[in-house]
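> build the 3D model from these lines:
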Amino acid sequence: MKYYVVVLAAILMTVTLAGCGENYTEDAPTADPVAQTEYAGDSDTSTTDDPGDTEAEDTGDTDDADDTGDTGDAGDTDDADDADDTGDTGDTGDTGDTGDADDADDAGEDGTESETPAPTGDADGTDEVESIEYPPIIQWYIDTKCDDVGRARWDEKWAEFTDERRSEIVEYYEREYGDEYQAYLNGEDYVDPKTKFGSVEAIAALGGKEATVQKNKNECLVFIFDGEKNHGNPYDVTWDYGKDYNSYVAAVDWSLVFDADYYKAAFPMLAVQYHNDDALLLKHFQTVGVHEGRQGSKDFNVAAYMDNCDESLRKAFGDNYECYYMYYLLHQDTESGVKTTGSYKKQLTQELTYMQAKELEEVNKYRTRANVETVEFDSEMAALANYRAYMDCTEGWDEHDGMYHMADTGELYDYMDALYIDAYCENKCTVGHYAGRESVFDAALNYYSSKGHYETMTDPEFGYVGCSNFYVSDVDYNWSGKYDVDVITFDTYADVVTTAYHTK
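Residues are numbered from 1 along each chain as shown. Down below sits the predicted model:
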């Protein structure tokens, strides 16, 4: 077992920090299908399984020569002479209409197209429109969702459908609107399941969101001595996924899937980084931990749950692991009996902050230029890098004094043993942060400019790396008194690792 020391002694210039992450924009919500198209007056944009929307019987098909309702449709202005249109035959109650002298085929018209089907003349010369009795759900739909034109189209077409076709249409509307209709019958307000808290649709909408620290490097600064800026966590960045996500975090019983002692044993360097603070480790699990598919207790592994849950959940959630946790916790009445244990990894993916992703990209760029294989990011190695940055800030250690101290006490070797590391090295970069102005630095670029650091960064012996975020200290270094504070970052390297994510 060995470790290496590389020192970057030069005072580095201050670099102004600017936000350059793109804003996350959610996809626009799907438009209400009722607002897009209505049955019996719709266009071909409606769903294919709408029984009132087949090609042969689409009531909105304005250019179908065989459509029996064409001329009664207010939108069918060019089909006045359609020989097959039943609305074009002479109407017995309209033979004295003086406005139709030029139209030999339209004895019942007054020179303009009718907005609604022409009424049938009674024996006494008066006109009455026959009342149509619809099934209850269809009547409710017409009354609540159709305008006058839509109602006229329903009246026109319903009489033409066979009993079998009517049954198909009723089944369709019961399937599509049954819950809303039932709420109407019960005198209750209807809540669309797509927005109903805890529904599959609402939980699926939580999936795939980026945290603020993944979109903007300004958020990757850890102000360890400023409780307001660090949100009560001096050890790590804040993984914020937004108000909607936070409302779910607050609504569930996390004890069903989280045990602090188990979490610390499964992720030993994360426990070191968080100074074994159970409350902060729970917060880590609730946010980035579940997004990474981390196992938080011996009784719940999300990969096992995914293998055994209903297929509809897998279709809805995909690989958005956070959604499975939320659904499981909110639906214990149906999910508590699902098998959630087995031989699975304890971490399924890794989430990097904006600065970690950028640093990894730059490191591998220089390794590629040097014809050296790229390194893999490991979140436990990153936890060690974050811990090193935090400790150097709080202890005021110069250069690599912290590494010497940890080696002398045996602490460093304990960490190497925990991760099954044989060879370890680290690069450290200190950036000026003066007059209270935040500044971060492209660490890899400076390592490229320093022979010792560059050799470490491109050493073919190392296959894994952990990149820290930027830790802001209020402790002045002896050799940098002109700065108010310093910003410190680390890259930690290992030849091999065995961790929850990188298992043998």
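> where in the stretch 1-150 of the chain is pLDDT low?
For the stretch 1-150 of the chain, the stretches flagged by pLDDT under 70 are 1-130.
> for the stretch 201-350 of the chain, what spans make up the strands?
Taking DSSP state E, counting those that start in this stretch to define them, one finds strands in the stretch 201-350 of the chain at 221-223.
> any chance you could map the helices in it?
With helices called from DSSP state H, counting those that start in this stretch, the stretch 201-350 of the chain shows them at 227-230, 243-251, 260-266, 268-273, 278-284, 290-291, 302-308, 311-317, 321-330, 332-335.
> next helix or strand past the last one?
Helices and strands here follow DSSP states H and E; after helix 332-335, the next one along the chain is helix 354-369.
> in that next one, which residues are buried?
Buried residues in helix 354-369, counted by 16 or more other Cβ atoms under 10 Å: 354, 355, 356, 357, 358, 359, 360, 362, 363, 364, 366, 367. Where C-beta positions appear, they are placed from N, C-alpha and C, glycine not excepted.
> which one of the helices of the stretch 201-350 of the chain lies closest to residue 404?
Nearest to residue 404, of all those, is helix 268-273, at 18.1 Å by Cβ to Cβ.
> still on that earlier bit, format the helices of the stretch 201-350 of the chain as JSON lines; extra columns: distance to residue 456, mean pLDDT and mean neighbour count.
Shown next, in JSON lines, are the helices of the stretch 201-350 of the chain (distance: least, Cβ to Cβ, whole Å; pLDDT from 0 to 100; neighbours: other Cβ atoms under 10 Å):
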{"stretch": "helix 227-230", "distance to residue 456": "30", "mean pLDDT": "81", "mean neighbour count": "12"}
{"stretch": "helix 243-251", "distance to residue 456": "38", "mean pLDDT": "95", "mean neighbour count": "14"}
{"stretch": "helix 260-266", "distance to residue 456": "29", "mean pLDDT": "98", "mean neighbour count": "17"}
{"stretch": "helix 268-273", "distance to residue 456": "20", "mean pLDDT": "98", "mean neighbour count": "23"}
{"stretch": "helix 278-284", "distance to residue 456": "29", "mean pLDDT": "98", "mean neighbour count": "19"}
{"stretch": "helix 290-291", "distance to residue 456": "31", "mean pLDDT": "98", "mean neighbour count": "26"}
{"stretch": "helix 302-308", "distance to residue 456": "35", "mean pLDDT": "98", "mean neighbour count": "19"}
{"stretch": "helix 311-317", "distance to residue 456": "41", "mean pLDDT": "97", "mean neighbour count": "14"}
{"stretch": "helix 321-330", "distance to residue 456": "34", "mean pLDDT": "98", "mean neighbour count": "24"}
{"stretch": "helix 332-335", "distance to residue 456": "48", "mean pLDDT": "95", "mean neighbour count": "12"}
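> tabulate the CA atom coordinates of stretch 134-144 in PDB.
C-alpha atoms of stretch 134-144 as PDB (Å, rounded to 0.1, in the frame of the first residue of the first chain):
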ATOM      1  CA  TYR A 134     -78.600   9.400 -24.600                       C
ATOM      2  CA  PRO A 135     -77.000   7.000 -22.100                       C
ATOM      3  CA  PRO A 136     -76.200   9.000 -18.900                       C
ATOM      4  CA  ILE A 137     -72.500   9.400 -19.300                       C
ATOM      5  CA  ILE A 138     -72.900  10.600 -22.900                       C
ATOM      6  CA  GLN A 139     -75.600  13.100 -21.900                       C
ATOM      7  CA  TRP A 140     -73.200  14.300 -19.100                       C
ATOM      8  CA  TYR A 141     -70.400  14.600 -21.600                       C
ATOM      9  CA  ILE A 142     -72.500  16.600 -24.100                       C
ATOM     10  CA  ASP A 143     -73.800  18.900 -21.400                       C
ATOM     11  CA  THR A 144     -70.500  19.700 -19.800                       C
END
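> buried set for the helix ranked longest in the chain?
Using DSSP state H, we find that the single longest helix of the chain is helix 163-185. Within helix 163-185, the residues that count as buried by 16+ other Cβ under 10 Å are 165, 166, 169, 170, 172, 173, 176, 177, 180, 181, 184.
> and which of those residues is nearest to residue 465?
residue 176 (52.7 Å).
> gap between that closest one and residue 141?
Separation of residue 176 from residue 141 (Cβ to Cβ, to the nearest Å) stands at 9 Å.
> residues in contact with the closest residue to residue 364 other than its chain neighbours?
Nearest non-adjacent residue to residue 364, counting by Cβ to Cβ, 6 or more residues apart in numbering: residue 374, 4.1 Å away. Residues near residue 374 by Cβ atoms under 8 Å, 6 or more residues apart in numbering: 364, 367, 368.
> export these as CSV, with columns for pLDDT and distance to residue 450.
What follows is these, written out as CSV (pLDDT from 0 to 100; distance: Cβ to Cβ, whole Å):
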residue, pLDDT, distance to residue 450
364, 97, 18
367, 97, 16
368, 97, 19
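> which one of those residues is nearest to residue 387?
Nearest to residue 387 out of these is residue 364 (Cβ to Cβ; 23.1 Å).
> the closest one contacts residue 375, doesn't it?
Yes - using Cβ atoms under 8 Å, residue 364 makes contact with residue 375 at a distance of 6.5 Å.
> tabulate the helices of the stretch 201-350 of the chain (CSV), appending distance to residue 403.
Putting the helices of the stretch 201-350 of the chain into CSV (distance: least, Cβ to Cβ, whole Å) gives the following:
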stretch, distance to residue 403
helix 227-230, 25
helix 243-251, 37
helix 260-266, 24
helix 268-273, 15
helix 278-284, 25
helix 290-291, 31
helix 302-308, 36
helix 311-317, 43
helix 321-330, 35
helix 332-335, 47
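> out of those, nearest to residue 154?
Residue 154 lies closest to helix 311-317 among the helices of the stretch 201-350 of the chain, at 33.2 Å (Cβ to Cβ).
> which helices and strands does that closest one pack with?
Contacts defined by 3 or more Cβ pairs under 8 Å, 6 or more residues apart in numbering; DSSP states H and E place helix 311-317 against helix 200-204, helix 321-330.
> among those helices, which is nearest residue 236?
Residue 236 lies closest to helix 321-330 among the helices and strands packed on helix 311-317, at 18.2 Å (Cβ to Cβ).
> picking that back up, how about the helices and strands packed on helix 311-317, which one is nearest residue 212?
helix 321-330 (15.8 Å).
> just the angle between that closest one and helix 243-251, please?
Interaxial angle of helix 321-330 relative to helix 243-251 (axes from the mean of the first three to the mean of the last three Cα atoms, to 10 degrees): 40 degrees.
> please work out which residues outside helix 321-330 touch it.
Contacts of helix 321-330 (Cβ under 8 Å, 6+ apart): 198, 200, 203-204, 206-207, 245, 248, 251-254, 256-257, 290-293, 300, 302, 305-306, 309, 313, 316-317, 335, 338, 340, 348-349.
> for that helix, list the C-alpha coordinates in CSV.
Once non-C-alpha atoms are left out, helix 321-330 reads as follows in CSV (Å, rounded to 0.1, in the frame of the first residue of the first chain):
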residue,chain,number,x,y,z
TYR,A,321,-35.1,5.4,-9.4
GLU,A,322,-36.4,8.2,-7.2
CYS,A,323,-39.9,7.5,-8.6
TYR,A,324,-39.9,3.9,-7.3
TYR,A,325,-39.0,5.0,-3.8
MET,A,326,-41.8,7.5,-3.7
TYR,A,327,-44.4,5.2,-5.1
TYR,A,328,-43.4,2.4,-2.7
LEU,A,329,-43.5,4.7,0.3
LEU,A,330,-46.8,6.3,-0.6
